[in-house]
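In: here is a sequence with its predicted model. Questions after.
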Amino acid sequence: MGVEQVSQAAGMFAVTNIDDLVLLALFFARAQGRRAAVWRVVAGQYLGFTAILVASVVGALGAGLLPDRVVPYLGLVPLALGIRAAWQARHGRDESDDMAPDLGDGPRVTTVAAVTFANGGDNIGVYVPVLATAGAGGTAVYVVVFLVLTGVWCVAGRLLATRRPVARALARQGHLVLPLVLIAIGVVILVGGGVFGR
């Protein structure tokens, strides 16, 4: 694993999962004081994010069937998602996820997994073009880093669950930063793929 690839994967994970960190904090707050519920949140997060990774890798493999000259145009996907997110942030639209009500013993694994996967629809749009151009070795690096950082996100979400002001501030900043990062990722893919000439 090259240090540069690992840092790129870590950076991409962080910027595409800022909102997930806030959701995790909310789930952990509901699980407060119940060890089994805390582990259900962790299991649900891994289940949901693994589904996102599987969909992304399958999508990237499908993109591998495209002619090489078409693959860089997949950068239009994160670019469009970034523009949409910027438009929504500008117009004050908050697409908060519906979190199913829990039983008295805290969040269910399936609830956390479903919310994680639904919240990761944009992530798939970002990951597919990146993985399609990363090759087999690069894809393996992204997958390993993403899975390790999912655990780190769970720890951070648990810590945030006891610090509400931090979670609120992160939610506010995430809505502002995410569109810019998505647009930047799309532009990097387009430029790196030679769409605008070399």
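Out: Nice, thanks for sending it over.

In: where does pLDDT dip in this protein?
Out: 1, 63-68, 71, 92-104, 121, 164, 166-178, 198 (pLDDT under 70).

In: show me where it has its strands.
Out: Applying DSSP state E to the chain gives no strands.

In: packing partners of the longest helix anywhere in it?
Out: Counting by DSSP state H, the longest helix found in the chain is helix 121-160. Packing partners of helix 121-160 (3 or more Cβ pairs under 8 Å, 6 or more residues apart in numbering; DSSP states H and E): helix 3-16, helix 18-30, helix 35-63, helix 76-90, helix 164-192. For the C-beta atoms, the positions are set from N, CA and C on the backbone; glycine is no exception.

In: roughly how far is it from the heart of the chain?
Out: Chain-centre distance of helix 121-160: 7 Å, with Cα atoms, centre = their mean, to the nearest Å.

In: so it versus helix 3-16, what angle?
Out: 90 degrees (axes from the mean of the first three to the mean of the last three Cα atoms, to 10 degrees).

In: now do helix 121-160 against helix 18-30, angle only.
Out: For helix 121-160 against helix 18-30, the angle by the same axes, to 10 degrees is 40 degrees.

In: on that earlier part again, out of the helices and strands packed on helix 121-160, which comes closest to Val141?
Out: helix 3-16 (4.7 Å; Cβ to Cβ).

In: surely Val145 and Val6 touch.
Out: Yes: contact criterion Cβ atoms under 8 Å: Val145 and Val6 qualify, at 5.7 Å.

In: so between these two, which is more surrounded?
Out: For Val145 and Val6, the more surrounded residue by other Cβ atoms under 10 Å is Val145, and the numbers stand at 20 against 15.

In: now that one: how far from Leu79?
Out: 23 Å (Cβ to Cβ, to the nearest Å).

In: repeat that for Gly48.
Out: Distance from Gly48 to Leu79, by Cβ to Cβ: 25 Å.

In: which of these two has more residues huddled nearby?
Out: It is Gly48, of Gly48 and Leu79, that has more neighbours when counted by other Cβ under 10 Å, with 25 against 22.

In: if I pick the nearest residue to that one once chain neighbours are set aside, what's in contact with it?
Out: Nearest non-adjacent residue to Gly48, counting by Cβ to Cβ, 6 or more residues apart in numbering: Thr116, 2.7 Å away. Going by Cβ atoms under 8 Å, 6 or more residues apart in numbering, Thr116 touches 20, 23, 44-45, 47-49, 52.

In: surely Arg108 is in contact with Arg40?
Out: Yes: using Cβ under 8 Å, Arg108 is in contact with Arg40, at 6.3 Å.

In: neighbour count: those two, which is higher?
Out: A side-by-side neighbour count of Arg108 and Arg40, using other Cβ under 10 Å, places Arg40 first with 23 against 17.

In: now do the contacts for that one.
Out: 31, 106-109, 112.
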